[in-house]
Every structure is written in C-alpha cells, then in structure tokens.
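Visitor: next come a sequence and a model predicted from it.
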Amino acid sequence: MPAWFWLKLKEVHLFGAGMNRRKMKKGLKRALLLWVIGATLFCFFSSGVANAAAIDRRLYSELLNFPTDRKIVEVYGVPCLRIFLPEGQSISYFCRFVKYFDRDFKFYRQQIALINRLEPMAEVGGTDNLSTNVNFIYVPLNFSIRPQILPERIGNISNLPKFVLIDLDKQCLGLYQYGRLIQLFPISSGIQGTPAKKFAILSKEKDHYSTKYDNAWMPYALRLFGDYYLHAGILPSYAASHGCIRLIYENAIVVYDWVEVGMPGEIIKATLNKKNGQPQPQKLLPTQDLPSPQKLPPTNTLEPAYRDLFIPKF
C-alpha cells in the first residue's frame, strides 16, 4: 500500500474516538477506493509505455521514407512494418539505404530474411533463379525479439545433445541443444512436397553435385534420407525446390559445421500457407502512441540520384 493510504488510515484512527463506527467505515472505504483507482491507472499507463518501448522509434521514423502502408503488424510476436519493394530490388538492396542498419548490416539483413523466409539477394520479378514474385517484406521494428516461429523448448528431446527440427508449414529450421532452441533459419522445401519424417544425418559433403537433376551444385550438402538433402540454395519465400531443403548460403555453412553424421532430426508438416508461403500478420498493433508521419522531420538519407528508386511500380 502507498504511504498516503496509511496516512489516511491513521487519520481515521486519530479521530475515530470522536466519530461513530459508520463514519470510520466510510473513511476506510474511501481510502481503499482511491488506492484501487490509482493502482488501475498505474497499470494502464505502464502497459502503454511498455507497448511504446517495444517499437524502435528511430527505425520506425526512417522506414516511413520508403513505400509502406504505415500499419504496424505483429508477425510471429515481432512488431513489423510492411515495406513494398519495386521490381528489381531485394532485401540486400533495400538494407543498403537504411542508415539504421549501418551498425551491423549483416545481422539486420539476416533477421529480415528470417522473418520473410526470403533469400537476401532474391530480386523482385527477376529473370533468373535468383528471383522472387513477392513485392513486399516485413521489417522488424524491434530486433531484440526473436520471432516465435518454432518452440523455444521441446521437452521430449531434452536428453539429446543436438537435434534438427524442420517445419515445412512455417518454412523454417531450428537447431536444438538438449531441447532448447539455439538457432533459427529460413528454408525453402520441395514445390511438389518434401516427405515429413524422422531422419538421421547420413553424410556430409561440401561440394555435392546432384546425380538426378542435371548435375546441379548442392554446396554444404547434408543427406537426410534417400535422394533428399539439406543444402545451400535460393529462398524465394515459398517452397520451390525439387524436394530438397534449401538454406541461405551463409546459414548452410553454420548448419553444416554444427551437425554431426548420425545426429537425429525430424521434418514436420501441416497445411502450407497459400499466400506464396509468406508470413501472415497475426494482429494489427495500436499506433496512437507513435509519432505521426506528418509531424516527423525529414530524415531521408538517400543520395538525390537514389531517392526515386523505392517508388512502387504499378
């Protein structure tokens, strides 16, 4: 109880001798009512402050310089802003022009690639295999929050030193140590389907070439079962391979170095997302506590020659 409450209670007792019991009860009830109102207001405003703190205002204001619908949505527990990419652009290209990302370009680029399950170099409407048909990306507004795509802990594998979980529905791969998630990576699985089953890593090969699909290069290949491998490749934000599991090149190196021949894993599957495999926002977050775009000072850091590059083409 706050100090003023006890002072009020003391006041009631001091003058209690000259007051009847009814007045004493009335004073006590009033003090309790004031305390309840104060506690409620404190919780309400504290909650509002927490929500506002979850958004990086500096990043938010800078991203408003790019094509966006300005709606803050929650994607896998992370507040995000949807940014539209014109034809010929990619996550890597976009990130170069966000001054906020200069502090750790690779980290921010990889986190955006994760939540979108998209190869950073894949170009919108590209003409080769390094392309994607999506035209927008979700950009996190708080990079300290890990996307809640796969479970942080799995009890029934807590006795296993290492385990690989691949979720075809969420197009994501998780590395687990004693049941605890330590790494999370986006994937692209088979366009005609990849079998959902338990597996053990059968072999590792840094420079593997397919004997089935025109001698296709499969770097950092891990054989799961049969002709199915986990290897580096292109992620267009949806299932697109012949059946293997693709990882972004630098992520494939991490996974390759981490896994051991014989270690267990499992591929699980539900209904694949029908919107090109892109993540869908869970809810629209309130924006009344955020600065209005009209009131923001100009923060465009692009060179004059590049300022028109991010205008969507219709």
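Guide: Okay, I see it.
Visitor: need the contact list for Tyr176.
Guide: Contacts for Tyr176 were tallied using CB atoms under 8 Å, 6 or more residues apart in numbering; they are 154, 157, 160, 162-165, 182. (C-beta placed from N, C-alpha, C; glycine too.)
Visitor: select only the buried ones of those in PyMOL?
Guide: Entered in PyMOL, the line below selects the buried ones among the contacts of Tyr176, by 16 or more other CB atoms under 10 Å:
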select buried, resi 154+157+162+163+164+165
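Visitor: need the contacts of Tyr176 in TSV (columns: secondary structure, pLDDT and distance to Asp227).
Guide: Putting these into TSV (DSSP: H, G, I helix; E, B strand; the rest coil; pLDDT from 0 to 100; distance: CB to CB, whole Å) gives the following:
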residue	secondary structure	pLDDT	distance to Asp227
Ile154	coil	92	28
Ile157	helix	92	26
Leu160	coil	94	26
Lys162	coil	96	24
Phe163	strand	96	23
Val164	strand	95	18
Leu165	strand	95	21
Ile182	strand	95	29
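Visitor: could you list the domains of the chain?
Guide: The chain breaks down into these domains under automatic domain parsing: 3-53, 57-145, 155-268.
Visitor: lowest average pLDDT across those?
Guide: Between those, the one with the least mean pLDDT is domain 3-53; it has a mean of 54.
Visitor: burial measure for Ser203, as a count.
Guide: By other CB atoms under 10 Å, the residues close to Ser203 number 12.
Visitor: with adjacent residues omitted, what lies nearest to it?
Guide: Using CB to CB, 6 or more residues apart in numbering and skipping residues adjacent in sequence, the residue nearest Ser203 is Arg223, 4.6 Å away.
Visitor: and for the host helix or strand of that neighbour, what are the contacting residues?
Guide: Mapping Arg223 onto the secondary structure by DSSP states H and E places it in strand 217-225. Contacts to strand 217-225, defined as CB under 8 Å, 6+ apart, come from residues 195, 197, 199, 201-210, 229-233, 244-245, 247, 249, 252-253, 255-256, 259, 265, 267.
Visitor: give the next helix or strand downstream of that strand.
Guide: The element immediately downstream of strand 217-225 (helix or strand, assigned by DSSP H and E) is strand 228-232.
Visitor: what comes into contact with stretch 249-265?
Guide: For stretch 249-265, using CB under 8 Å, 6+ apart, the contacting residues are 110, 160, 162-166, 173, 175, 183, 185-186, 198-204, 206, 219-220, 222, 224, 230-233, 247.
Visitor: what's the first-to-last distance across that stretch?
Guide: End-to-end distance for stretch 249-265, by CA to CA, to the nearest Å: 21 Å.
Visitor: can I get the CA coordinates of the strand holding Arg223 in PDB?
Guide: Taking C-alpha atoms only, strand 217-225 is exported to PDB below (Å, rounded to 0.1, in the frame of the first residue of the first chain):
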ATOM      1  CA  TRP A 217      25.500 -27.900 -57.500                       C
ATOM      2  CA  MET A 218      24.400 -28.600 -53.900                       C
ATOM      3  CA  PRO A 219      27.000 -26.900 -51.600                       C
ATOM      4  CA  TYR A 220      27.300 -27.800 -48.000                       C
ATOM      5  CA  ALA A 221      25.000 -30.800 -48.500                       C
ATOM      6  CA  LEU A 222      23.700 -33.000 -45.700                       C
ATOM      7  CA  ARG A 223      22.000 -36.200 -46.700                       C
ATOM      8  CA  LEU A 224      18.800 -36.800 -44.800                       C
ATOM      9  CA  PHE A 225      17.400 -39.900 -46.400                       C
END
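Visitor: ok and it relative to strand 228-232, angle-wise?
Guide: Between the direction of strand 217-225 and that of strand 228-232, the angle (axes from the mean of the first three to the mean of the last three CA atoms, to 10 degrees) works out to 140 degrees.
Visitor: okay, now the sheet partners of strand 217-225, with direction.
Guide: strand 203-209 (antiparallel), strand 228-232 (antiparallel) (DSSP bridges).
Visitor: buried stuff in that strand?
Guide: Counting neighbours by 16+ other CB under 10 Å, one finds that the buried residues in strand 217-225 are 218-224.
Visitor: most widely separated two among those residues?
Guide: Of all pairs drawn from those, the one with the longest distance (CB to CB) is Pro219 and Leu224, at 15.9 Å.
Visitor: hang on, Glu87 in a strand?
Guide: No: for Glu87, which was evaluated using DSSP: H, G, I helix; E, B strand; the rest coil, the result is coil, with no strand membership.
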